[in-house]
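Sequence below, structure please.
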Amino acid sequence: MPMKKITFNAPLNHKAYSYEPMQIEVEKVIPLYGKRFEQMRDHPLDDCPEIIENRDLMYMKGNTAHCILFLDANGSDGILVEAEGADYARKSEFISNARAIIEQSEFTYGERQLHAELKAIADRIAELAHAGQKHFIFEEMLGDGNMKAMMIQAVGEMLDRRDDLAEVQENVLGIAGQADFTVTAKPTQEMKLYCPLEIQAEPQIYETDWDAPYEDDLEVIPSSRACGCEDEINTAIQKYSEPNEKYRGLMIYYDEDSPINEKIISAFPSVEVRNGELVGVLTCQITEPLTDSEMAEFQNWWTGQAADGYGESIEQKEIKTDAFGTIYVSFWNSSDSWQIEVEMMDETNDIEEEESLDMGGISM
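Next up, the predicted model:
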């Protein structure tokens, strides 16, 4: 019987004379989205903004290289980099199936202990099946092992590793009715991403057919005239939201492996009157500021949501208003004037900073 083929990506050295590994400490894992990973893989000597932002994390100490692992967000491979103070991958190595290595290293002691217990149960069931037994009750297979205590330990260790939590305590006394965890979240800061709206209304009733537009045409309502519809639109947005968006808003759809997912706790879309116009706004609660590359990544994600994801869904929903009848609201339009503006609020909700950098129709 032929062996099952194993397929993966890996470089091959020509006439390699030795393979002497050195101690590697990964200081940070950075997912690269879209074509960014391909660009680094194919052109590692090009200047890289993610390397520049994290240059201080990469250095040599004795025989240990402190590195950044860039992960293909859409795949499994990675590139290990120690830039030696440069703006590019001066020292690097392609790591096949890096995602599996990361996932394995992220297992806590409690998770490994729990896995060992589950494997022991599976082995025991297999052993009894070969002895002729067919039916098994899981509770009876647990034996004397305290599965709940192991699960509490594993979850507690996972919580303790999260950057968005200030304090995690496990209550191990096992008293009935007592909380198993006491968890304190880090305080958050508000960040808003503003964008223009495109608002259209169904045609009104006209006195003559000559005055009316074509039957299928929608009338464009200027944002400055739609300010009075703010509450009606926000009520509709809330109505059309999904139940699983209650606590985190659109962040439940964000890549769970991205560090941004722990920095941005929630992101809720709405509309708001700003400088005399009705605009779209994504209100976010964040635990710490985003780096420049993370901000670019998040804004690109919101642009995609506005154009093809959330925005495409909401613009097909009817919204009833007193002033204009039935309207349709889009968070996106294809004009060159469409842009995102970012506003940070300090702890007193005063404006801390506002940045606007045009980049292909996107403002950052």
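
If the residue nearest to E219 when sequence neighbours are not counted is in a bridge, with which residues?
Closest residue in space to E219, ignoring its immediate chain neighbours: A201 at 4.9 Å, by CB to CB, 6 or more residues apart in numbering. Any C-beta I mention is one placed from the backbone N, CA and C, and that applies to glycine too. Beta bridges link A201 to E219, I327 when assigned by DSSP bridges.

tally of neighbours for A201?
By the criterion of other CB atoms under 10 Å, A201 has 19 neighbours.

Which pLDDT does the model give it?
What the model reports as pLDDT for A201 is 93.

ok, it - contacts?
Neighbouring residues of A201 by CB atoms under 8 Å, 6 or more residues apart in numbering: L218, E219, I221, F324, G325, T326, I327, Y328.

can the residues you listed go into TSV with extra columns for pLDDT, distance to G309 and neighbour count?
Below are those laid out as TSV (pLDDT from 0 to 100; distance: CB to CB, whole Å; neighbours: other CB atoms under 10 Å):
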residue	pLDDT	distance to G309	neighbour count
L218	84	22	15
E219	90	26	14
I221	93	24	21
F324	93	26	20
G325	93	27	15
T326	94	23	13
I327	95	21	22
Y328	95	17	17
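
Can you tell me which of those residues is nearest E103?
Taking CB to CB as the measure, E103 lies nearest Y328 of the contacts of A201, at 43.2 Å.

Show me the protein divided up by domain.
As assigned by automatic domain parsing, the chain contains the domains 23-104, 107-185, 189-363.

Now do the contacts for the closest residue to L142 other than its chain neighbours.
The spatially closest residue to L142, leaving aside those adjacent along the chain, is I121, at 7.2 Å (CB to CB, 6+ apart). I121 makes contact with F138, M141, L142, according to CB under 8 Å, 6+ apart.

So which of the residues you listed is the closest to S105?
Once CB to CB is applied, the member of the contacts of I121 that ends up nearest S105 is L142, at 28.6 Å.

Could you pull up phi and psi at that closest one?
phi -70, psi -30 (degrees, to the nearest 10).

Give the burial count for it, as a bare number.
13.

Relative to L12, how far out is it?
Look at L142 and L12: by CB to CB, to the nearest Å, they are 48 Å apart.

With K186 instead?
For K186 relative to L12 (CB to CB), the value is 46 Å.

can you tell me the helix or strand for P31?
Secondary structure assigned from DSSP states H and E places P31 in strand 23-32.

Let me see the ranges of the strands in the stretch 101-250 of the chain.
165-170, 181-185, 189-195, 198-201, 219-221 (DSSP state E, counting those that start in this stretch).

who does the last one touch, helix- and strand-wise?
Pointing back at strand 219-221 there. Counting contacts by 3 or more CB pairs under 8 Å, 6 or more residues apart in numbering; DSSP states H and E, strand 219-221 is packed against strand 198-201.

The third one now?
Counting contacts by 3+ CB pairs under 8 Å, 6+ apart, the secondary-structure elements packed against strand 189-195 are strand 264-274, strand 277-286, helix 292-307, strand 341-345.

got it, and the first one?
Using 3+ CB pairs under 8 Å, 6+ apart as the contact test, the elements touching strand 165-170 are helix 147-161, strand 181-185.

closest to F94 out of those?
Of these, nearest to F94 by CB to CB is helix 147-161, at 27.3 Å.

and the direction of that closest one versus that of strand 181-185, what angle?
20 degrees (axes from the mean of the first three to the mean of the last three CA atoms, to 10 degrees).

what sits up against helix 147-161?
The contact list for helix 147-161 (CB under 8 Å, 6+ apart) reads 106, 108-111, 113-114, 117, 165, 168, 170, 172, 174, 180-181, 183.

Return a PyMOL selection command for the buried portion of those.
Per 16 or more other CB atoms under 10 Å, the buried members of those correspond to this PyMOL selection:
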select buried, resi 108+110+111+113+114+117+168+170+180
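
If you drop the residues flanking it in sequence, what lies closest to A73?
Nearest to A73 is P31, by CB to CB, 6+ apart, at 3.9 Å.

Please apply the same query to Q169.
T182 (4.3 Å).

Could you measure from the one you found over to G156?
Counting by CB to CB, the gap from T182 to G156 is 10 Å.

anything in contact with each of the two?
With CB under 8 Å, 6+ apart, T182 and G156 have common neighbours V168.

Between the two, which has more neighbouring residues?
Using other CB under 10 Å, the more surrounded residue of T182 and G156 is G156, with 20 against 10.

First residue to last residue on stretch 31-47, what's the distance there?
Using CA to CA, to the nearest Å, one end of stretch 31-47 lies 17 Å from the other.

State the distance from Q133 to L142.
From Q133 over to L142 the distance is 16 Å, taken as CB to CB.

wait, I meant K317
K317 is 49 Å from L142, by CB to CB.

do S241 as well
41 Å.

so what's D180 up against?
Contacts for D180 (CB under 8 Å, 6+ apart) come out as I152, E170, N171.
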